[in-house]
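S.K.: Curious how this folds, go ahead:
(2 chains)
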Protein chains: 2
Amino acid sequence: MMTAEIQIRHGGDLTQAAALFPDAPGPWVDLSTGINPWPYPLPAIPPAAWTALPTRGGLQALLAAAAMAYGAPAPDSLVAAPGSELLIQTLPRLRATGEVAIVGPTYGDHARAWAAAGHAVRAVTVPGDAVDAADVVVLCNPNNPDGRTWDAEALLDWAARLAARGGWLVVDEAYADLDPARSLCRHAGALGLVILRSFGKFFGLGGVRLGFVLAPPALLDAVRLALGSWAVSGPALAVGAVALADLDWQAATRRRLAAAADALDGVLRAGGLRVIGGTALYRLVDAGDAAALWRHLACAGLWTRPFPEHAGCQGWLRLGLAADRGVLDRLGAALAAS
Amino acid sequence: MMTAEIQIRHGGDLTQAAALFPDAPGPWVDLSTGINPWPYPLPAIPPAAWTALPTRGGLQALLAAAAMAYGAPAPDSLVAAPGSELLIQTLPRLRATGEVAIVGPTYGDHARAWAAAGHAVRAVTVPGDAVDAADVVVLCNPNNPDGRTWDAEALLDWAARLAARGGWLVVDEAYADLDPARSLCRHAGALGLVILRSFGKFFGLGGVRLGFVLAPPALLDAVRLALGSWAVSGPALAVGAVALADLDWQAATRRRLAAAADALDGVLRAGGLRVIGGTALYRLVDAGDAAALWRHLACAGLWTRPFPEHAGCQGWLRLGLAADRGVLDRLGAALAAS
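M.R.: Numbers count the residues shown, from 1 in each chain, chains lettered A, B, ... in the order given. Okay, the predicted model is just below:
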């Protein structure tokens, strides 16, 4: 089973779960992601969104809605992409190779992408000296999986210090929708500051593939060039524009997710687990032997996210929100039997 | 109006058309692309395609259907991307800078993408000496906009000669669905051979954003890494898998497009124009003063595609297929009044 654990780089793939644990009782429940289980209701999608090439008008409508939702200065503060994951892969190829500090433990694709593009990557636990030594510092705010946050003043100071040497502070705000006050998007365009936003997690539409980068104009131009025309699908433009403009749904969803995270914590604690962090879209427990708990839950048809590849967090298991009481009950029963 | 012409790098954006020609009679008709006006009927899309991250199972189903439709050796002969345009932008960043020959006049983004990535780009009219001198040769088969084709034996020979020096022959088969016998996909994996396929044009679903690259395994690995996980949306996986597996629709569509191209040719010739090339998805005319004809048709609400930026083809105007008799009549009337 060790091989299986090592392969679990990402959550969210029940194909993999069912292949590895064919005898688990169905239906499989995916608790391996930080994706909202109550998706934004799909709006009507005009036929031309499917048939025609995406238009500038459609893109502008999306960017205007995103700028409003994120509190960015203007629609041209953002560039849209088919998922923030592609932006994570693209950014490292847009500057000369150098030294990159990844503040972690955190989402593993940052380190993998910078290393794959030839940069010298080192893991740090706080930005610290890296701000004045590295070319690029990457952190997630709030962090995945532990929910650690960083103050805006500190982040802006670090971005300025990096910028003074031509560097970047990359702030992955994949989960910042949960607490918009923490977002740096209102500072988009500040020198050295590169912000990533993810659409699919908070809006519960991970399959749509939509994300954004906010950065100074020259870097945004380079990203536009790297992505080419029409990188974002017509349906993503249409759905994103409606969902991002729906501030009422966003406010109600923040309340709903907070309540669901509380309920999940209750079940985890009743099961004897210690919740050590997370956000309202995922909770992190220190399970002691996380691999054993992960296997035990998988055998019960519950797919969660261990972090076998991260030094220093072998005890960590991350669980996404349960979509309904039935799932919480299955989780509670499985924990009671562990 | 010169500025407007210079801006027309791509077709397919009626936002731009309406902004430049606000007084044109509606409804605007888009004849500026090579996208099939009779789209594949959208199949039912399961809710999870929108809400969940795309799965390996979904991707495998798409790749199996694509391999069958294109005649590729196996599903793992292909990598899927959110549109072949992104692949055009990505390929130049996956090898050291060198000399790249673009066989043209052809789709302009090839030259722009290689140049943007730092390569030395030169335009050639036939591969000729470039096969033994350049690092990369790029051509479209059939070519856009003139429909020129290349024999498989010659292409395979050129790929082998380029491969012997570590080079690539990039064959953009964006319009090869129209004449599958010409495709090199059955040779996918041959050293030096890089094939691009586009889903949206033939299937009439340009907004879906789906394309493929076929190449030797090491290059496919590099593309997978550059795109990251989940680059293709859930809806694109679902729609693509169904449409690519529907060989009957594909055969019927080839016949329908051929008939529509004949009908368009009839209207163009009756209007005094000389059809000098194209494929069954677009026709190319030598209009003499192409800018004047483009403006005249735009003032009639008909959006076509001039090639102002290409040396040697200032007379060229490309027209996509008319979706119905009414459009052909509008075109005929506009040409009669020109």
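S.K.: Run through chain A and note the low-pLDDT ranges.
M.R.: A:1-9, A:309-311 (pLDDT under 70).
S.K.: quick one: the helices in it?
M.R.: Along chain A, the stretches classed as helices by DSSP state H are A:2-7, A:14-20, A:47-51, A:56-70, A:84-90, A:109-116, A:130-133, A:152-164, A:200-203, A:217-227, A:234-245, A:247-270, A:290-299, A:325-336.
S.K.: List the buried residues for the second one?
M.R.: The neighbour-count criterion (16 or more other Cβ atoms under 10 Å in any protein chain shown) identifies A:14, A:16, A:17, A:20 as the buried residues of helix A:14-20. In this view, the C-beta of every residue, glycine as well, is placed from N, C-alpha and C.
S.K.: For residue A:207, see how far away the last one is.
M.R.: This points to residue A:20. To residue A:207, residue A:20 is 22 Å away according to Cβ to Cβ, to the nearest Å.
S.K.: ditto for the second one
M.R.: With the distance defined as Cβ to Cβ, residue A:16 ends up 16 Å from residue A:207.
S.K.: which residues does the closest residue to residue A:217 other than its chain neighbours contact?
M.R.: Using Cβ to Cβ, 6 or more residues apart in numbering or on different chains and skipping the chain neighbours, the partner closest in space to residue A:217 is residue A:189 (7.2 Å). Contacts were defined as Cβ atoms under 8 Å, 6 or more residues apart in numbering or on different chains; by that measure residue A:189 touches A:73, A:77, A:214, A:215, A:216, A:217.
S.K.: burial of the closest residue to residue A:226 other than its chain neighbours, as a residue count?
M.R.: Nearest-residue entry for residue A:226: residue A:90, 5.3 Å, with adjacent residues in sequence omitted and distances by Cβ to Cβ, 6+ apart. When neighbours are defined as other Cβ atoms under 10 Å in any protein chain shown, residue A:90 has 23 of them.
S.K.: again, but for residue A:210
M.R.: 28.
S.K.: Touching, it and residue A:232? I think so.
M.R.: Yes. At 6.4 Å, residue A:210 counts as touching residue A:232 under the criterion of Cβ atoms under 8 Å.
S.K.: which residues are in contact with both of the two?
M.R.: A:80, A:81, A:82, A:240.
S.K.: Close to chain B as well: tell me which of these qualify.
M.R.: When contact is defined as Cβ under 8 Å from any Cβ of the partner chain, the shared contacts of residue A:210 and residue A:232 meet chain B at residue A:82.
S.K.: Nearest to residue B:172 among the shared contacts of residue A:210 and residue A:232?
M.R.: Minimum distance to residue B:172 across the shared contacts of residue A:210 and residue A:232 is 20.5 Å, recorded for residue A:82 (Cβ to Cβ).
S.K.: Could you check how far the closest one is from residue A:123?
M.R.: Distance check for residue A:82 against residue A:123: by Cβ to Cβ, it reads 28 Å.
S.K.: one step back: list the contacts for the residue nearest to residue A:226?
M.R.: Listed by Cβ under 8 Å, 6+ apart, the contact set of residue A:90 reads A:81, A:223, A:226, A:227, B:226.
S.K.: which one of those residues sits closest to residue A:106?
M.R.: Of all the contacts of residue A:90, residue A:106 sits closest to residue A:81, with 20.0 Å by Cβ to Cβ.
S.K.: these two touch, right, that closest one and residue A:213?
M.R.: Yes. Using Cβ under 8 Å, residue A:81 is in contact with residue A:213, at 6.8 Å.
S.K.: Which one's more surrounded, these two?
M.R.: residue A:81 (29 against 26).
S.K.: Quick check: bridge partners of the more buried one?
M.R.: Counting by DSSP bridges, residue A:81 forms beta bridges with residue A:211.
S.K.: if we can go back for a sec, of all the helices of chain A, which gets the most neighbours per residue?
M.R.: Among the helices of chain A, ranked by average contacts under mean count of other Cβ atoms under 10 Å in any protein chain shown, first place goes to helix A:200-203 (a mean of 27).
S.K.: which other residues reach it?
M.R.: A:33-36, A:39-40, A:83, A:174-175, A:177-178, A:206-211, A:243, A:250, A:253, A:281, B:53.
S.K.: Can you get me the centre-to-centre distance for it and its chain?
M.R.: Taking Cα atoms, centre = their mean, to the nearest Å, the mean C-alpha location of helix A:200-203 is offset from the chain mean by 9 Å.
S.K.: Can I get that helix in PDB? Just the C-alpha atoms.
M.R.: Only the C-alpha atoms of helix A:200-203 are listed here, as PDB (Å, rounded to 0.1, in the frame of the first residue of the first chain):
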ATOM      1  CA  GLY A 200     -13.500  26.300  -8.600                       C
ATOM      2  CA  LYS A 201     -12.900  25.700  -4.900                       C
ATOM      3  CA  PHE A 202     -15.200  28.300  -3.300                       C
ATOM      4  CA  PHE A 203     -17.800  28.100  -6.000                       C
END
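S.K.: quick one, what contacts the nearest residue to residue A:289 once chain neighbours are set aside?
M.R.: Spatial nearest neighbour of residue A:289, excluding adjacent residues (Cβ to Cβ, 6+ apart): residue A:315 at 7.4 Å. Contact partners of residue A:315, counting by Cβ under 8 Å, 6+ apart, are A:286, A:287, A:288, A:289, A:290.
S.K.: can you rerun that using 6 Å?
M.R.: Contact analysis of residue A:315 by Cβ atoms under 6 Å, 6 or more residues apart in numbering or on different chains lists A:286, A:287, A:288, A:290.
S.K.: Most neighbours among those, which one is it?
M.R.: residue A:287 (25 neighbours).
S.K.: Now do the phi/psi pair for that residue.
M.R.: phi -100, psi 10 (degrees, to the nearest 10).
S.K.: Quick check: it vs chain B, distance?
M.R.: Per Cβ to the nearest Cβ, to the nearest Å, residue A:287 is found 24 Å from chain B.
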